[in-house]
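1. Structure of the sequence below:
(2 chains)
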Amino acid sequence: MELILAMRGISMSFPGVRALNKVDFEVAGGEIHGLIGENGAGKSTLIKILGGAYLPDDGHIELDGRPAHIHSPRDALHRGISIIYQEFNLVPALSVAENIFLGKELVRPGLRSLNRRAMLGRSQATIERLGMKGFDCRRLVRSLSVAQQQMVEIGKALFNDARILVMDEPTSVLSQKESETLFALMRGLKEQGIAIIFISHRLDEVIALCDRITVLRDGDRVATLDNGRHEVTKDELVHHMVGRVLQDYYPQRQHAPTGEKLLEVRGLGAPGLFREVSFALHGGEILGFYGLVGSGRTEIMKALFGTLEYAEGEILVAGRPSEVRSVRQARDAGLALVPEDRKREGLVLAMSLADNIALPNLDKLHSAGTIHFRRRKGLVAGYIEELSIRPPLPNRQMRDFSGGNQQKAVIAKWLAAKPKIMIFDEPTRGIDVGAKAEIYHLIERLAQTGVGIIFVSSELMEIIGMCDRVIVIHEGRVTGEFDRSVATQERLMQAAAGF
Amino acid sequence: METDVTTSERRKPLAGRIARVLIGQRESGLFLLILLLLVVLSIARPTTFFSTENLFNILKQVSLVTIVAVGQTLVMVSGGIDLSVGFNLGLSGVLLAFFIQAGVNPVAAVVIGVIASVLAGLLNGVFVTKLRLPPFIITLGVAKIVRGVMYVVTRGYPIPVYTKFIIWFGNGYFGPVPVPTVFMLLIVAVGMYILLATVFGNHLRAIGGNELAARLSGISIDANKIYIYALTGLLCGIAGVIMVGRVNAGNPNSGLNFDLDSIAATIIGGTSLAGGEGTVLGTLLGALLLGVIANGLVLLNVSMYWQTIVAGVIIIGVCALDTLTHARRK
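-> Purely as a prediction, here's the structure:
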C-alpha cells in the first residue's frame, strides 16, 4: 500500500494546554484507519490541522510523499481532503443537488443562468454511486433523515474528488441498521482506493472496520496497531487509551460520608434519554457519574435540577418526594448544578464577575427590588477570595476571564446559594491543570463540610481520583456501580462501553 | 500573566485610568459629539441657536421620543424589540380624546387611555412568551392591531381636546422648563435606576446576555419579559397623553415614526441589537444628538427632507465608528 498522507512531528499548544506533542500519523490509500483516544486526547486537534482549520506550531504534512502546505479549509479541499464533522455543513433550505454544487454551480454559456438540469443529473449520478438508487436529488436537505444527510455529505466529498475522507464519530447519530449501511459504503469507497480516517468511541466498530488503529493519549501518539485481521482486542485498546498513573494533584481524601441520605432516585426515566435510573447520595459523599458524551448523564442531572421533564420514577430529597419543577424550587430545596457548558449555560459573559456570582442569589440581596450593593460586594469578595479567582476584579466582564476562572465563577454563584447537594457536570473540561487541581481541592473541602456531591465526568482519571463511588451510564442506563476500592479503569471503561 | 494585567492597571496614574474609562464609553463619545455640535452651531447661529429658549425647545422636542426610547432600551437590553410603541403612543391619546368627547371625566379618560396602552404592552409580552415567536413579529402584529383599533374609534379623523390640564402636559412650563422635559428627565432617571440598581434590571441584562444561563440561575424568563413589555406600554401611554396636550387632539397618526425613531436613539446610544448591553443614559444622549442636529439644520435653513437623510447617516456613522474602534482595540 502506498502512503497518501503523512503527518510528521505535529505539535500544537493552546494557552495552558498542550494538545499535541510530536505526533506522527500515516494513512495509506485504500485503508480505513481508526483514530481513537479519550476526550481531550487530541483527535479533534489533529483532524482540524489536517483540514486546515488550525496551523500546527511544529511539524509538517506530506501528501503523496511531497510536502503540502495546508493553510485553510479551502487548501485542504483542493488537495482532496474532506472532513465530515458530527455537525453537518449543509444548507437545510436548499436541495440536495444545490448543496452538492454550492459554490461551484454550473451555468449555461452566454446568459450565465443556472444549468439546473446538468447539476441535477450529475448529483443524481454521484448519489447513486453511493448505492442510493431512486433517491431524488431535488429534495430539500431539511426533509432528509440524519443518515441521509450524512450520505449527502459523503456524496459531496466524492464529488470534490476526495482522496482522504475523515469521518468524525459518524455513527453516534445513526441506528444500528443505518450504521451497517454506512460501513458497507465505507468498505466500497476503500475498494476505490480512498483513504478513510474513522474516529469513533465505539471500539467494536473500530475493530471490525479498520485496517490500522492509532491511539492518542494526552496529545501523544501511544500506538499504531495493525488490525489487518481484525483481531485487536478491546482490552488492548482500552489499555493504550488510559495507561497512565494517577497524578498527585488529586487532594488527600479526608472527607467521610455521614450516612445521611440526602438524595434518592428511584426508577427515573425519560423517553429516548434515560430509563430505570436508581441511586442514592449521602451527606459528605462524592458520587461519580461516568459515561461517554451523549450517554444521558447530563440529562439525568437536568431532571434532578428541575429543568428536564421526566416521565417516570421519583426523586426524594432528604427523604421527602421532591416537587422540584423549576430552578428556583431546586435552589430552595438545596440543590445546585454547575452545568456542562459554562459559556452557554453557566454565565452571562457580557455581565461582570460580580453580576454573575450574584445572579441566583439576588433574592437575598435586595430590599424592595433595589440591590444592596454593599452586601453584594461583601458576598462577591468572599467568594473571589475563597476560590482565588484571578484577577480579583469584581467589575471585570466575565468574557475577559480565562476558562478556569470562568468555571470558578460558576461554582461561586452556586456556592453562595449554600447548597446541600451540589452537582458538577464536567467541571474541569477545557481548563488548565492548575485550575483543575484547585477545583478538585474545592470539591474535597465541600465534601468535608457534609455537602453531597455528584461529580459527572467523561475523564476516567478524575473520576477514579475523586470519587467514593462511581455509577456508570451507558445509553441512558446504569450499567455498573463500583465502590472506590474496586473502581479500576478497565472496569469503568468496559461498563461505559456497555459490556 | 493575568496578575500582571492587574498590577499594570493599578500602576497607571489615576487621571490616565479615568481618561481610558471615559474614552472607552459610548456615552462620553456621544457627549463630546453633542458638545462639538453645540459649539459649532453657536458660532454659526449665535443668537438663534444658543438661547435658553431654543435649548429648552430642543429638550422639549426630544422628550416624547426619549420617554418611549427608555422603554425600548429596556426591551432591547432583554434581547427583544418593540415595534408597536408608535401606534401604542397614539392609542392612549386617541382613547382619552374619544372619552372626553363622549363626556367622561377627563382624569378618568386619561387613566383609561394609559391603561389601554399598558394592556397593549401586556399583549406583546404575553404573546412573545406564550406563543414563543420572535418579538419582531409579535410587536409588528400588535402594532397593526392597535392602529386598526384607533381607526375604528376615530374613523380616521383627529378628535380635538380642549381640557386645560391635558394641554398643560404638552405645552406647560415649570419656570423655563417645559413640562414634557420634566417628565422625560424623571422617566430617564427611573429607567437608569431600574437598569443599574434593581433586581429586575439585573434580570433583564442577564436574559438579554444569555437566556439559557439566566434560566438555569433560577430567573423567571416569562414573567420578566411580560413586565418589560407592559412597562414600555405604560411609557407609551404617558407619552401619548403628553402628545395630546401638544397638538390639542387625539390623532391616530400621531405616533408615526416613533417606533423607528426610538430604536434609532437606542442603538445610537450603544444598546446592542443582540441584547445584554445598553444604558438609558446612552439612549438619552442618542435622542439628544438627533434632536440637536434636527434643530441645527432648521436654523441653518436646510430643508426638512435633508434632515431625514442626515439622521440616516448619523445612525450608520455612529455605530460604524463604534464597531471600528472596538475592532481596533481587540
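2. Go ahead and report the secondary structure state at residue B:263.
-> Three-state assignment for residue B:263 (DSSP: H, G, I helix; E, B strand; the rest coil): helix.
3. Let me know whether it touches residue B:81 as I believe.
-> Yes - contact criterion Cβ atoms under 8 Å: residue B:263 and residue B:81 qualify, at 7.1 Å. Where C-beta positions appear, they are placed from N, C-alpha and C, glycine not excepted.
4. Which neighbours do the two have in common?
-> Both residue B:263 and residue B:81 are in contact with residue B:72, where contact means Cβ atoms under 8 Å, 6 or more residues apart in numbering or on different chains.
5. Leaving out the residues flanking it, which one is nearest to residue 31?
-> The chain I'm using is chain A. residue A:211 (4.9 Å; Cβ to Cβ, 6 or more residues apart in numbering or on different chains).
6. Oops, wrong one, chain B.
-> Using Cβ to Cβ, 6+ apart, the closest residue to residue B:31 is residue B:285 (6.1 Å).
7. element containing residue A:280, please.
-> Residue A:280 belongs to strand A:274-282 when elements are defined using DSSP states H and E.
8. What helices and strands are in contact with that strand?
-> strand A:261-270, helix A:297-304, strand A:312-317, strand A:452-457, strand A:469-474, strand A:477-483 (3 or more Cβ pairs under 8 Å, 6 or more residues apart in numbering or on different chains; DSSP states H and E).
9. The helix or strand following that strand pairs with which strands?
-> Following strand A:274-282 in sequence order, the next helix or strand is strand A:286-290 (DSSP H and E). Looking at strand A:286-290 with DSSP bridges, its partner strands are strand A:452-457 (parallel), strand A:469-474 (parallel).
10. show me where chain B has strands.
-> All strands of chain B, identified by DSSP state E, fall at B:159-160, B:173-174, B:177-178, B:249-250.
11. Please identify the most buried of the ones you listed.
-> Across those, averaging neighbours per residue (mean count of other Cβ atoms under 10 Å in any protein chain shown) puts strand B:249-250 on top, at a mean of 26.
12. tell me the average confidence for it?
-> Averaged across strand B:249-250, pLDDT comes to 94.
13. go on, stretch A:461-480?
-> Here the average pLDDT along stretch A:461-480 is 92.
14. Return the set of buried residues in that stretch.
-> Within stretch A:461-480, the residues that qualify as buried are A:461-474, A:476-480, counting by 16 or more other Cβ atoms under 10 Å in any protein chain shown.
15. which residues of the stretch 1-150 of chain B score low on pLDDT?
-> Confidence mapping of the stretch 1-150 of chain B against pLDDT under 70 gives the ranges B:1-24.
16. who in chain A is up against chain B?
-> A:305, A:307, A:326-328, A:330-331, A:337, A:339, A:344-351, A:355, A:358-360, A:362-363, A:365-366, A:369-371, A:373, A:390-393, A:402, A:405, A:413 (Cβ under 8 Å from any Cβ of the partner chain).
17. Give me the buried entries from those.
-> Using 16+ other Cβ under 10 Å, the buried members of these are A:305, A:307, A:327-328, A:330-331, A:337, A:339, A:345-351, A:355, A:358-360, A:362, A:365-366, A:371, A:390-393, A:402, A:405, A:413.
18. Now render the strands of chain B as CSV, adding distance to residue B:202.
-> As requested, the strands of chain B are exported to CSV (distance: least, Cβ to Cβ, whole Å):
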stretch, distance to residue B:202
strand B:159-160, 42
strand B:173-174, 33
strand B:177-178, 32
strand B:249-250, 38
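19. quick one: residue B:40 from chain A, how far?
-> Distance, residue B:40 to chain A, by Cβ to the nearest Cβ, to the nearest Å: 35 Å.
20. In helices only, show me the residues of chain A next to chain B.
-> Using DSSP state H, A:327-328, A:330-331, A:355, A:358, A:373, A:405, A:413 are the members of those that sit in helices.
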